[in-house]
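Student: sequence first, then the predicted structure, then my questions.
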Amino acid sequence: MIDWQRYLPLIESILADSYPALENASQSTQDHLQRQPLRSTHLLQLFSQLTADNEDEQIALFVHACITNEIPYTLIYTDLMTLGRTLLGQLVYQQACDDMLALHKFFERIEQQISLAYLHNYLRQLAVRNHLRLTHLANLSEKNLMVYYQNHLQWMIRLIDILQGNEVAEGLEFDHLRCSFGQWLHGKAVSTLSSTSHFKEVERLHIKLHKLGRDILILFQAKPLNSKHLIYLMSRLDYISLEVGTEIAILNDMMMITEYHKDPLTGLLTRHLLDKIISTQIEIAKATESNCALLMIDLDNFKEINDTFGHLAGDQVIQHFATVLKTVLRKSDFIFRFGGEEFLVLVPSTKAEEAHNIAQKLCNEVSKETVVTKEGQLIHYSVSIGVTSIEPSNLSFVTKEVVNHYIGEADARLYLAKRNGRNRVE
C-alpha cells in the first residue's frame with residue numbers, strides 16, 4: 001500500500017498545473033474549464049483520505065461524486081491517466097520500485113472500477129431513453145411500419161437487461177434476416193424498394209445493428225470485462241438504432257403518402273388528415289430524436305395570373321408548381337394543397353438550416369420555369385415561403401393546439417416573406 005500522505009504535496013502540485021484558474025482563462029475557454037476545479041477537488045479528496053483499510057470505500061465515493069456531478073467518463077479517465085503517468089515518472093526518478101508497482105496496480109484497479117460504474121450508469125440512462133422512445137411510439141394512433149422500430153427498441157432494452165445481469169442471453173435474435181423487420185424488408189418490401197439506393201442504406205444499417213449487438217454480447221461474456229470498450233460500443237449501437245428508426249420512419253412516410261386522400265387537381269395531399277399527420281410525425285421525431293420542419297408556400301400575385309390569363313391557366317400554374325414540389329422534395333415529404341394557391345410541406349428528419357435550404361431551392365427552381373398555356377401564352381411566376389423548425393424534444397405533449405401553433409408560425413413567416421418583397425424565404 002502506498003503512503004499517499006507522503007505524495008499528497010506532489011499530487012496537489014500536479015493538479016494545480018493541470019487546472020489553470022478560471023480567472024486567467026479567456027472567455028471563450030471558460031465553459032470548457034468550468035468543471036476542472038470540481039474534478040480537482042474530487043481527486044484531492046480521494047487521495048487525501050486513502051488508507052490501507054478504506055480504498056474500496058473511497059474509490060466508490062469518488063466514482064459516485066463524478067457520476068452525480070455528470071463529469072464525462074473521458075475527462076475522469078484522462079485526469080487519472082495524466083496523474084498516474086506523472087506520479088510514475090517521479091517514482092522512477094526516485095527509484096521507488098515498490099511504490100511504482102503498487103501505483104500501477106492502484107491506477108489499473110481504479111480505472112476498472114470507474115469504467116464499470118460508468119458503464120452501469122450509461123446502461124441505466126440508455127434504458128430510460130429507450131423506454132421514453134417507446135412511450136412516444138405508443139402515442140401513435142397508427143404505427144404502421146413504426147412497429148418495426150418499436151420491436152428494435154424492445155430488442156435494445158433486452159440487450160441492456162442482459163448487460164445489467166437482469167436477464168439471460170438465450171433467445172435474443174442477432175440474425176438480421178430473422179427479426180420481424182428483416183423479414184418484411186426482404187419479403188413484402190422487395191418489389192418496391194430493392195432496386196433503390198434507399199433500400200441498400202436501410203439494409204446496411206439493419207445488418208450493422210444486429211452484428212454490433214452480437215459483438216457487444218460476445219465482449220460482455222469475455223473475461224476480464226472491458227467496460228470502457230462496452231461503453232463505446234453501446235453508444236455506437238444507440239446511434240445506429242436511431243438511424244434505423246429514422247430510415248423506418250422514412251419508409252413509413254412513403255407508405256402513408258400513397259394511402260392518404262389526394263387533391264384531384266394536383267395529386268397532392270388534402271387538408272383532411274393534416275392535423276393527424278403532423279402530430280404523428282412529431283411523435284415519430286420524438287421517438288427517433290430528430291427534428292422536422294414546416295414550409296408554408298404561396299404563389300405570388302396569383303390573382304393577377306387568373307385575371308390576366310384566366311382560371312384554366314391559373315390551374316395550369318398550380319399543377320406546374322405541384323410538379324416542381326414533387327421533383328425537388330423527397331418521396332417521404334408530406335405535401336399538402338393547403339388551399340387555393342397555398343401549399344404546406346412537412347419535411348421529416350430535417351434540421352432548421354436544411355429546411356431553409358430546401359425552401360430556397362424551391363424558390364430558385366420556380367424562378368427558372370415557364371408555364372406555357374394551351375393558347376401558347378408564357379407565364380412566369382414566383383413563390384414566397386415561410387419556414388418553421390419543430391424541435392420535439394422541447395414538447396411534453398403533442399396536441400391540436402401545438403400543431404396549430406407551428407402552422408401559425410409558418411404562416412406568419414410566409415406573411416413576412418410577402419411583406420419583404422415576395423419571391424423569398426423567411
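Tutor: Happy to help now that I have it. Numbering: from 1, shown residues only.
Student: what ranges of the stretch 101-250 of the chain fall below the confidence cut-off?
Tutor: Across the stretch 101-250 of the chain, the ranges flagged by pLDDT under 70 are 190-196.
Student: 90 instead, please
Tutor: For the stretch 101-250 of the chain, applying pLDDT under 90 flags the ranges 101-113, 139-144, 165-172, 185-202, 223-224, 250.
Student: next structured bit after the longest helix seen in the chain?
Tutor: Counting residues, the longest helix found in the chain (DSSP state H) is helix 97-138. Of the helices and strands lying after helix 97-138 in sequence (DSSP states H and E), the nearest is helix 146-163.
Student: what helices or strands is that following helix leaning on?
Tutor: Counting contacts by 3 or more C-beta pairs under 8 Å, 6 or more residues apart in numbering; DSSP states H and E, helix 146-163 is packed against helix 97-138, helix 180-185, helix 197-221, helix 227-259, helix 274-288. (Each C-beta comes from the backbone N, C-alpha and C, glycine too.)
Student: among those helices, which is the most enclosed?
Tutor: Among the helices and strands packed on helix 146-163, helix 274-288 has the highest mean neighbour count (mean count of other C-beta atoms under 10 Å), at a mean of 22.
Student: reformat the helices and strands packed on helix 146-163 as CSV; add distance to residue 15.
Tutor: Below are those laid out as CSV (distance: least, C-beta to C-beta, whole Å):
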stretch, distance to residue 15
helix 97-138, 15
helix 180-185, 51
helix 197-221, 34
helix 227-259, 23
helix 274-288, 42
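Student: of all those helices, which one is nearest residue 332?
Tutor: helix 227-259 (4.0 Å; C-beta to C-beta).
Student: same for the closest one, what does it pack against?
Tutor: Applying 3+ C-beta pairs under 8 Å, 6+ apart, we find helix 227-259 packed against helix 73-94, helix 97-138, helix 146-163, helix 197-221, helix 274-288.
Student: how about the helices of the stretch 251-400 of the chain, start to end?
Tutor: For the stretch 251-400 of the chain, applying DSSP state H, counting those that start in this stretch gives helices covering 274-288, 302-309, 311-328, 352-368, 400-419.
Student: can you redo those helices as a markdown table with distance to residue 206?
Tutor: As requested, the helices of the stretch 251-400 of the chain are exported to a markdown table (distance: least, C-beta to C-beta, whole Å):
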| stretch | distance to residue 206 |
| --- | --- |
| helix 274-288 | 15 |
| helix 302-309 | 46 |
| helix 311-328 | 28 |
| helix 352-368 | 24 |
| helix 400-419 | 32 |
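Student: so of those helices, which one's packed in deepest?
Tutor: By mean count of other C-beta under 10 Å, the helices of the stretch 251-400 of the chain have helix 274-288 as the most buried, with a mean of 22.
Student: quick one: average pLDDT of it?
Tutor: The pLDDT scores in helix 274-288 average 93.
Student: one more: stretch 349-369?
Tutor: On average, the pLDDT along stretch 349-369 is 95.
Student: any chance you could list what contacts that stretch?
Tutor: Contacts of stretch 349-369 with the rest of the structure, by C-beta atoms under 8 Å, 6 or more residues apart in numbering, involve 246, 249-250, 285, 288, 290-293, 295, 297, 320-321, 324-325, 327-329, 347, 380-383, 385, 387, 389, 423-425.
Student: distance check, the residue most central in space within the chain against residue 225.
Tutor: Among the residues of the chain, the one closest to the centroid is residue 289, at 4.4 Å (C-alpha atoms, centre = their mean). The gap separating residue 289 from residue 225 is 29 Å, by C-beta to C-beta, to the nearest Å.
Student: what's the answer for residue 424, then?
Tutor: Shown here: residue 424 relative to residue 225, a distance of 58 Å by C-beta to C-beta.
Student: go on, residue 213?
Tutor: 17 Å.
Student: with residue 312 instead?
Tutor: Taking C-beta to C-beta as the measure, residue 312 falls 74 Å from residue 225.
Student: go on, residue 235?
Tutor: 17 Å.
Student: for residue 142, same thing?
Tutor: Counting by C-beta to C-beta, the gap from residue 142 to residue 225 is 43 Å.
Student: which one of these two is surrounded by more residues?
Tutor: residue 225 (16 against 11; other C-beta atoms under 10 Å).
Student: show me the contacts for that one.
Tutor: With C-beta under 8 Å, 6+ apart, residue 225 has these contacts: residue 116.
Student: and for residue 146?
Tutor: With contacts defined as C-beta under 8 Å, 6+ apart, residue 146 is in contact with 137, 140, 248-249, 252, 284, 287.
Student: quick check, nearest of these to residue 108?
Tutor: residue 287 (40.9 Å).
Student: buried set for stretch 267-276?
Tutor: Within stretch 267-276, the residues that qualify as buried are 268-270, 273-274, counting by 16 or more other C-beta atoms under 10 Å.
Student: ok, residue 208 to residue 167 distance?
Tutor: Distance of residue 208 to residue 167, computed by C-beta to C-beta: 24 Å.
Student: again with residue 284
Tutor: Relative to residue 167, residue 284 is positioned 28 Å away (C-beta to C-beta).
Student: next: residue 15.
Tutor: According to C-beta to C-beta, residue 15 and residue 167 sit 42 Å apart.
Student: which one of these two has more residues nearby?
Tutor: Each of residue 15 and residue 167 has its neighbours counted (other C-beta under 10 Å); residue 15 has more, 21 against 15.
Student: now the more buried one: which helix or strand?
Tutor: Using DSSP H and E, residue 15 maps to helix 4-18.
Student: starting at the chain centroid, how far to that helix?
Tutor: Here helix 4-18 is found 41 Å from its chain centre; the criterion is C-alpha atoms, centre = their mean, to the nearest Å.
Student: show me what it is packed against.
Tutor: Secondary-structure packing of helix 4-18 (3+ C-beta pairs under 8 Å, 6+ apart): helix 36-49, helix 73-94.
Student: turn the ones you listed into TSV, including distance to residue 102 and mean pLDDT.
Tutor: Below are these laid out as TSV (distance: least, C-beta to C-beta, whole Å; pLDDT from 0 to 100):
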stretch	distance to residue 102	mean pLDDT
helix 36-49	14	80
helix 73-94	9	84
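Student: and of those, who's closest to residue 149?
Tutor: helix 73-94 (28.3 Å).
Student: elements contacting that closest one?
Tutor: On a contact count with 3+ C-beta pairs under 8 Å, 6+ apart, helix 73-94 meets helix 4-18, helix 36-49, helix 97-138, helix 227-259.
Student: how close does the nearest residue to residue 399 once chain neighbours are set aside get to residue 77?
Tutor: Nearest residue to residue 399, sequence neighbours excluded (C-beta to C-beta, 6 or more residues apart in numbering): residue 279, at 7.8 Å. According to C-beta to C-beta, residue 279 stands 43 Å off from residue 77.
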